[in-house]
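[1] give me coordinates for this.
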Amino acid sequence: MGTTLELRRGAIGGMGGQRSVNKRAPRRFMCKGLACSEGRIADLSMGGAMLLRRRPWALGDERDVTLESDRNAPLTFRCRCVWTKREGPWSYSIGITFEGLSGRNQLDLARIMEQHVKAVPERRAA
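    Below is the predicted model:
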């Protein structure tokens, strides 16, 4: 039985006349059996990924990232760094967003996610 993935847009809400945008609206998934050209994938969504690697990217850096699997042909996406965090002396987590995904890219990414992911529990507000 395949996993059903949610493809959602960022939610916009208001509070006190202000509008906020949830930039991380797509649900995140942990990956197994999926290799990445730029590091280890900690989680993956239809909007981007969190990578673990030894060296950081600079904010705004754009690179081609290739996802490889034993079940599919390698897929390359243009990605941009949206955040970086030092986790240890030789360890960084990098938040990337997929840039300009075509309809075909979205279908390919959804197929990979159905085959290689496990849902990450959503955090509840306190």
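[2] for the nearest residue to Cys81 once chain neighbours are set aside, what are its contacts?
    The shortest distance from Cys81 to any non-neighbouring residue, by Cβ to Cβ, 6 or more residues apart in numbering, is to Trp57 (4.0 Å). The C-beta positions use only the backbone N, C-alpha and C, and glycine is treated the same way. For Trp57, the contact set (Cβ atoms under 8 Å, 6 or more residues apart in numbering) comprises 63, 81, 84, 94, 96.
[3] likewise Phe77?
    Taking Cβ under 8 Å, 6+ apart as the test, what Phe77 contacts is 64-67, 98-99, 101, 105, 109.
[4] that older thread, most neighbours of all the contacts of Trp57, which one?
    Within these, most neighbours by other Cβ atoms under 10 Å means Ile96, with 27 neighbours.
[5] that residue contacts Arg78, doesn't it?
    No. Look at Ile96 against Arg78 with Cβ atoms under 8 Å: they stay out of range, at 10.0 Å.
[6] what's the overlap in contacts for those two?
    Counting by Cβ under 8 Å, 6+ apart, the residues touching both Ile96 and Arg78 are Val65.
[7] rewinding a little: just the ones of the contacts of Phe77 in helices?
    Secondary structure assignment (DSSP state H) places 105, 109 from the contacts of Phe77 within helices.
[8] now list the buried members of the contacts of Phe77.
    65, 67, 98, 101, 109 (16 or more other Cβ atoms under 10 Å).
[9] who are the packing partners of the helix or strand encompassing Asp43?
    Using DSSP states H and E, Asp43 sits within strand 40-44. Secondary-structure packing of strand 40-44 (3 or more Cβ pairs under 8 Å, 6 or more residues apart in numbering; DSSP states H and E): strand 29-31, strand 48-53.
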